[in-house]
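1. pasting the sequence and the predicted model now:
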Amino acid sequence: MEAKQAEAPPELLNVVKYLRSTSHLKIRQGILNGKRVDYFKGKSAIKALLKEESYGKLKNVPKITNEAEASRVLSDVMTHAFYLRVERSGGESNARNKSLSVTPAQQWSDDQYYAWFYEGSQLMNYLGGFGLIGIVFAA
């Protein structure tokens, strides 16, 4: 999966970084194969890309003016396995973490759910951890 992600063009990687770091995309928590993962609905991603005040100011990203272009870009991103289409299982309606399963048909649709398989840069997490260890040793 990381090999496919490494082959992604820089424009699509910038779109993924924007979606992964933006607060415009409604992220939910779910359980996939016993691990906690973040997932989102396709409509939420399209709305995040159509936000003119944040996405429109980015450089080196595909130009998006309508929902059809946003769907095309998100479909292109999906081919590089940054996220995969998943289905939520029934279970309890008020359960905090829904159980997810990857669907065999990996096609983009705005009314489906998608689980993230991209973490982004972990540099700040590592620096924060080392800083916390330094503070503990200093104390």
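-> That came through, no problem. Residues are numbered from 1 along each chain as shown.
2. only C-alpha atoms for contact and neighbour calcs from this point on.
-> Will do.
3. longest helix anywhere in this structure?
-> In the chain, with assignment by DSSP state H, the single longest helix is helix 123-138.
4. so for it, mean pLDDT?
-> For helix 123-138, the mean per-residue pLDDT is 87.
5. which SS class is Val37?
-> strand (DSSP: H, G, I helix; E, B strand; the rest coil).
6. that one contacts Ile27, doesn't it?
-> No: Val37 is beyond contact range of Ile27, at 9.8 Å (criterion: Cα atoms under 8 Å).
7. residue ranges with poor pLDDT in this structure?
-> In the predicted model, the chain carries pLDDT under 70 at residues 1, 90-95, 120-122.
8. all helices of it, in order?
-> Counting by DSSP H, the helices of the chain are 2-6, 10-21, 42-49, 67-78, 123-138.
9. which of those sits most buried?
-> helix 42-49 (a mean of 20; mean count of other Cα atoms under 10 Å).
10. how about it as CSV, C-alpha atoms only?
-> What follows is helix 42-49, C-alpha atoms only, in CSV (Å, rounded to 0.1, in the frame of the first residue of the first chain):
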residue,chain,number,x,y,z
GLY,A,42,-17.7,11.0,0.5
LYS,A,43,-20.0,14.0,0.6
SER,A,44,-17.9,15.5,3.5
ALA,A,45,-14.7,15.3,1.4
ILE,A,46,-16.4,16.9,-1.6
LYS,A,47,-17.6,19.8,0.6
ALA,A,48,-14.1,20.2,2.0
LEU,A,49,-12.6,20.5,-1.5
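11. that one - contacts with which helices or strands?
-> Judged by 3 or more Cα pairs under 8 Å, 6 or more residues apart in numbering; DSSP states H and E, helix 42-49 is in contact with helix 10-21, helix 67-78.
12. neighbouring contacts of the first one?
-> Applying Cα atoms under 8 Å, 6 or more residues apart in numbering, the external contacts of helix 10-21 come out as 25, 45, 48-49, 55, 60-62, 73, 76-77, 82, 120.
13. please repeat the previous calculation with a cut-off of 7 Å.
-> Leu25, Asn60, Val61, Pro62, Val77, Gly120 (Cα atoms under 7 Å, 6 or more residues apart in numbering).
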